[in-house]
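Novice: Got a sequence here, can you build the structure:
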Amino acid sequence: MTDQATGATHARRRATAGLAAGVLALLLVAAGCSSAGTTTAEPSGTAAPAPPSTAAPSTPAPSTPAAAAPQSTTPAPVPSASAPAEPSEPADVVPVVHGCDGNPLSTPRSLAVGCGPGTGQLDGLTWTGWGGLAATGTGRLWENNAAGGVAAYPATVTLGGLTGGEYTTMRISAPKAEKPNVELTLGKTGPVPKG
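Specialist: The predicted structure is shown next:
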């Protein structure tokens, strides 16, 4: 009778081991999924492993099986490369502003402050941050003064509103000028003073 009891015990252990191997195979397949719900594709020409058979093996089980380590039913986290944050503008687009003639300008050394008569002019501009969401230029603001002449003032220009590869706003700060702070809208036909 002990041989029958031992045989039944071995059969249960083999069935349990087969079931555990099947669960492990399913967990490994499930581990191929990221937390975002995407799956990793099998390389072409390879197939997913078949679940192990639950049929009894043809060789007898050892008389004293080794103790199995406890198995977790939770799949291990799968490292996944996170997608880089998308920039607001593609990296290969060089932003521009448009001059009064409608031509696109990138890092202009000079720029009109408006397209009508008597408007000022920026020149000697050097830029930092061009291509970012905001670009800052330093140079001189030339404008008509109250005495009827033209004067140059140190100025800082800040471009912003980067949309579709074009800066859409411009702020000029020239503390010593008669108009120390000027805000403009930039469009295809050049800068236009706000308000």
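Novice: Name all residues that make contact with the closest residue to Leu111 other than its chain neighbours.
Specialist: Leaving aside its sequence neighbours, Leu111 sits nearest to Leu122 (Cβ to Cβ, 6 or more residues apart in numbering; 4.7 Å). Just so you know, the C-beta spots here come from the backbone N, C-alpha and C atoms, and that holds for glycine as well. Taking Cβ atoms under 8 Å, 6 or more residues apart in numbering as the criterion, Leu122 is in contact with 110-113, 137, 139-142, 155, 157, 172.
Novice: Name the residues of the helix or strand harbouring Leu122 that come out as buried.
Specialist: Under the criterion of DSSP states H and E, Leu122 resides in strand 121-128. By 16 or more other Cβ atoms under 10 Å, the buried positions in strand 121-128 come out as 122, 125, 127.
Novice: Let me have those in JSON lines, extended by pLDDT and distance to Asp101.
Specialist: Below are the buried residues of strand 121-128 laid out as JSON lines (pLDDT from 0 to 100; distance: Cβ to Cβ, whole Å):
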{"residue": "Leu122", "pLDDT": "97", "distance to Asp101": "16"}
{"residue": "Leu125", "pLDDT": "98", "distance to Asp101": "18"}
{"residue": "Trp127", "pLDDT": "98", "distance to Asp101": "20"}
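Novice: which of the contacts of Leu122 are buried?
Specialist: Buried, going by 16+ other Cβ under 10 Å: 111-113, 137, 139-142, 155, 157, 172, out of these.
Novice: Which of those residues fall within strands?
Specialist: Under the assignment DSSP state E, these contribute 111-112, 137, 139-142, 155, 157, 172 to strands.
Novice: Just give me the closest of these to Thr189.
Specialist: Ala112 (11.0 Å; Cβ to Cβ).
Novice: and the closest one, bridged to which residues?
Specialist: With DSSP bridges as the criterion, Ala112 is bridged to Gln121.
Novice: ok, it to Val97 distance?
Specialist: Distance of Ala112 to Val97, given as Cβ to Cβ, to the nearest Å: 10 Å.
Novice: Equivalent analysis for Gly137, please.
Specialist: Gly137 is 10 Å from Val97, by Cβ to Cβ.
Novice: Need the residues touching each of those two.
Specialist: Shared contacts of Gly137 and Val97, counting by Cβ under 8 Å, 6+ apart, come down to Leu159.
Novice: Low-confidence stretches in this protein?
Specialist: 1-91 (pLDDT under 70).
Novice: go with 90
Specialist: 1-93, 116-119, 144-149, 178-179, 194-195 (pLDDT under 90).
Novice: Going along the chain, name the helices of it.
Specialist: 2-30 (DSSP state H).
Novice: related to what we said a few turns ago, save the contacts of Leu122 as JSON lines, and put in distance to Thr163 too.
Specialist: Below are the contacts of Leu122 laid out as JSON lines (distance: Cβ to Cβ, whole Å):
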{"residue": "Ser110", "distance to Thr163": "24"}
{"residue": "Leu111", "distance to Thr163": "18"}
{"residue": "Ala112", "distance to Thr163": "21"}
{"residue": "Val113", "distance to Thr163": "21"}
{"residue": "Gly137", "distance to Thr163": "19"}
{"residue": "Gly139", "distance to Thr163": "24"}
{"residue": "Arg140", "distance to Thr163": "28"}
{"residue": "Leu141", "distance to Thr163": "25"}
{"residue": "Trp142", "distance to Thr163": "29"}
{"residue": "Ala155", "distance to Thr163": "24"}
{"residue": "Val157", "distance to Thr163": "18"}
{"residue": "Ile172", "distance to Thr163": "20"}
